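Enquirer: Pasting a predicted model and its sequence here:
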Amino acid sequence: MKQALHRSCLNHHGFTLVEISTAMGLMVMLSGALVVMVQQHLSFMAMARRQTFLTQEAPQIGNILGRIVQHADHFFIYPSHASAIGGGSPVIQNGSAVRLFFKTAVQTTQERLIAAETDASGTSLRFYAPQPDGTETSWLICQGLQGATFNASEGILTVTLTGPNGEEITYCGGAR
């Protein structure tokens, strides 16, 4: 009986050292390729996350600014929001605020203001509308920028925004 059991064990074949080594080598190569692919995916996702300003926010900002500026009759650029409100001298370049003038249906003029304001969280772009009682209402166009400047060196209003990762985009528009 012992001999029959011993013979049946000899009939079962196992893996040879070469086969096991080949399988382990393939597994090491596949795992190495997988690590490289995961690293590539993570770097691609980080790059895509850094570009969200240009791919998602900038088109929306451009749409808002375009809709506002295209209806303006004329504009003046000022060094700051306070200067624009206080009637300071306009500038042609590197302004932080633009005062827009709109003609109404009854041919009166309405004033609006877009200003870049910097605080601890970065620069934000706000739209202001003066009210008849002397107060201002405002709403946020965008926030988290590194900077924003208004220029009119060639008679065309340009707004240059510097995004959170240093990307720069310029919007152009002019009064009618």
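Expert: Great, that's in hand.
Enquirer: where exactly do the strands run in the chain?
Expert: For the chain, strands defined by DSSP state E occupy the ranges 74-78, 97-103, 109-119, 122-130, 136-145, 147-151, 157-162, 168-173.
Enquirer: between the ones you listed, which gets nearest to Ile64?
Expert: Closest of these to Ile64 is strand 136-145, at 5.6 Å (criterion: Cβ to Cβ). (Glycine included, C-beta is placed from N, CA and C.)
Enquirer: what does the closest one contact?
Expert: 57, 61, 64-65, 85, 113-114, 116, 121-131, 161-164 (Cβ atoms under 8 Å, 6 or more residues apart in numbering).
Enquirer: And Phe76, how close does it get to Arg112?
Expert: Separation of Phe76 from Arg112 (Cβ to Cβ, to the nearest Å): 12 Å.
Enquirer: longest helix of this structure?
Expert: Secondary structure assigned by DSSP state H gives helix 17-50 as the longest helix of the chain.
Enquirer: what element comes up after that helix heading to the C-terminus?
Expert: helix 52 (DSSP states H and E).
Enquirer: show me the contacts for the residue most central in space within the chain.
Expert: Nearest to the centroid of the C-alpha atoms of the chain, with distances taken as Cα atoms, centre = their mean, sits Phe53, at 0.8 Å. Shown here is Phe53, whose contacts under the criterion Cβ under 8 Å, 6+ apart are 163-165, 167.
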